[in-house]
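Asks: Attaching a predicted model along with its sequence, questions to come.
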Amino acid sequence: MAASLTKIKDSYIDYLLEHGQQPPTVFAFAKKLKIKEADFYEYYNSFEQIESSIWLGFFEDTLARLRNDEVYETYSVREKLLAFYYTWIETLTNNRSFVIRSVQEARKHRSLRTPSTLAEFKYQFEKFVKDLMAEGRESREVQSRRIIENKYPDAFWLQTLWLLDFWSKDTSKGFEKTDTAIEKAVNMAFDLLGASALDSALDLAKFVYQNR
């Protein structure tokens, strides 16, 4: 039986949810799929890479859904990020059992580093945010702040992890509280990103520094 990315990925998710753990070895997993171990390695080098591709797939599927909607391109940057989070959470909800298990595993190994299974998702998400921020500066939704603006992608990644954690614990009907959390988090972020008292403070600090 020929191997395929989809077959391996779907079978891995099924195994994970049925047994509550990864297969003991790639050999055992390949045997269950009735493929050669070498066939597995044509697509993935480890089980962790499968999980990484699943998380990246959630992100890519979300962007594809958004970009297939003509209305999306008419949105403000704030609305685009809101739409991203709402659609991303819908995607995760369709795969909630897998996502919850993955999140729980990540919690067991708390550290300041992003889990390897989320690393590629993080990289692509931060590229997405950088593009949004550039668009926001052009539309003046985002104030240009040379000192700190290179940290915006990191800040939005932390916000994404917080929303993921919030959703994973949300027991409200239809995850209504998560929708509210998304709205409040994004609105607060863009209120801070726009021209505000922070800019006046930065201007004053710059003036004082230059006129010491």
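Replies: Now that the structure is in, tell me what you want to look at.
Asks: Nearest residue to residue 36 in space, please, no chain neighbours.
Replies: Nearest residue to residue 36, sequence neighbours excluded (CB to CB, 6 or more residues apart in numbering): residue 30, at 6.3 Å. From N, CA and C alone the C-beta is placed, and that goes for glycine too.
Asks: where along the protein do the helices fall?
Replies: Ranges of helices in the chain, per DSSP state H, are 5-19, 26-33, 37-41, 47-67, 77-93, 96-108, 119-139, 152-169, 176-193, 197-210.
Asks: The ones you listed: which one's closest to residue 146?
Replies: Of all those, it is helix 197-210 that lies closest to residue 146, at 9.7 Å by CB to CB.
Asks: ok, the nearest residue to residue 60 once chain neighbours are set aside to residue 92 distance?
Replies: Nearest residue to residue 60 in three dimensions, chain neighbours excluded: residue 124, at 7.6 Å (CB to CB, 6+ apart). Distance, residue 124 to residue 92, by CB to CB, to the nearest Å: 16 Å.
Asks: quick one, which of these two is more surrounded?
Replies: Set side by side, residue 124 and residue 92 show more neighbours around residue 92, with 22 against 15, by other CB atoms under 10 Å.
Asks: if I pick the more buried one, what's in contact with it?
Replies: Shown in contact with residue 92 (CB atoms under 8 Å, 6 or more residues apart in numbering): 58, 99, 164, 167.
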